[in-house]
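In: Quick one, fold the following:
(one chain, ligands or ions: 1)
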Amino acid sequence: MISRRAALRAGLLAAGALVLPRRTLAKDKAPAPIPPLPITIAVAEVGGAKVRDEAWIDAQMTEALRLFDPLGVPLRKVAARSLPEANAKLETRADRDALAALLEPKRINVMIVESLRDVDDPKLMRMGVHWRHRKTPAKHYVIVSASARPSVLAHELGHFFGLPHSSVTDNLMSYDRTGAPPFLDEAQSRKVQSFARMYVTEKLLTPV
Ligand SMILES: [Zn+2]
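Out: From the prediction side, this is the model:
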């Protein structure tokens, strides 16, 4: 799809404005690349065994990289550690909040847990959530359940980068999926890029 900027430029050229002032051209220069952003993954242990193995985590990461790398938003796994058994089954909002005590600063924190109860409708379980600590909402992190399908980490990272839900079938941020590979549209891509830049310029994440 042709971008609005490209369309404008094409329009200018068609109008014969081939000699653009230098400062107009400079404005069109690509912005500085976004440096790799660190992801730290903590996996709950139950009975001494992690609830999910490396291959399962790699599948989640692969899907996240497939969607975010083409936007120029590089994500790098920098650390892996365990979560205590006490934090493996998340039933309540307090259980989710408790993970804030285990965060690694200046990194995207991903917690893989054994189970994740829907706190709005306790009859349901969730595959993932982007959670903000209720008392200190600046602390926010991604929780992924061991029952998650491979695109759940990418979906929750979408929320981490400011995206709301979408009603478009097969969009990464939609619940309506046919099984086709999920995608992000142009407006979503720009939002992810601007959040990624904001996290770096505000020093909320330390690039790798
Ligand atoms: Zn969601």
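In: Find the centremost residue of the chain, please.
Out: Centrality entry for the chain: nearest residue to the mean C-alpha point is L157, 1.5 Å, by C-alpha atoms, centre = their mean.
In: And the next helix or strand past the host helix or strand of that residue?
Out: Assigned by DSSP states H and E, L157 belongs to helix 152-160. Helices and strands here follow DSSP H and E; after helix 152-160, the next one along the chain is helix 186-201.
In: average pLDDT across that next one?
Out: In this model, helix 186-201 carries a mean pLDDT of 98.
In: quick check: angle from that helix to helix 152-160?
Out: Using axes from the mean of the first three to the mean of the last three C-alpha atoms, to 10 degrees, the direction of helix 186-201 lies 70 degrees away from that of helix 152-160.
In: Show residues contacting helix 186-201.
Out: Contact partners of helix 186-201, identified using C-beta atoms under 8 Å, 6 or more residues apart in numbering, comprise 1, 3, 31, 34-35, 37, 68, 71-73, 158, 160-163, 166, 171-173, 184, 204-205, 207. Quick note: C-beta positions are derived from backbone N, CA and C, even for glycine.
In: Now with 6 Å, please.
Out: Residues outside helix 186-201 that contact it (C-beta atoms under 6 Å, 6 or more residues apart in numbering) are 34, 71, 73, 161-163, 205.
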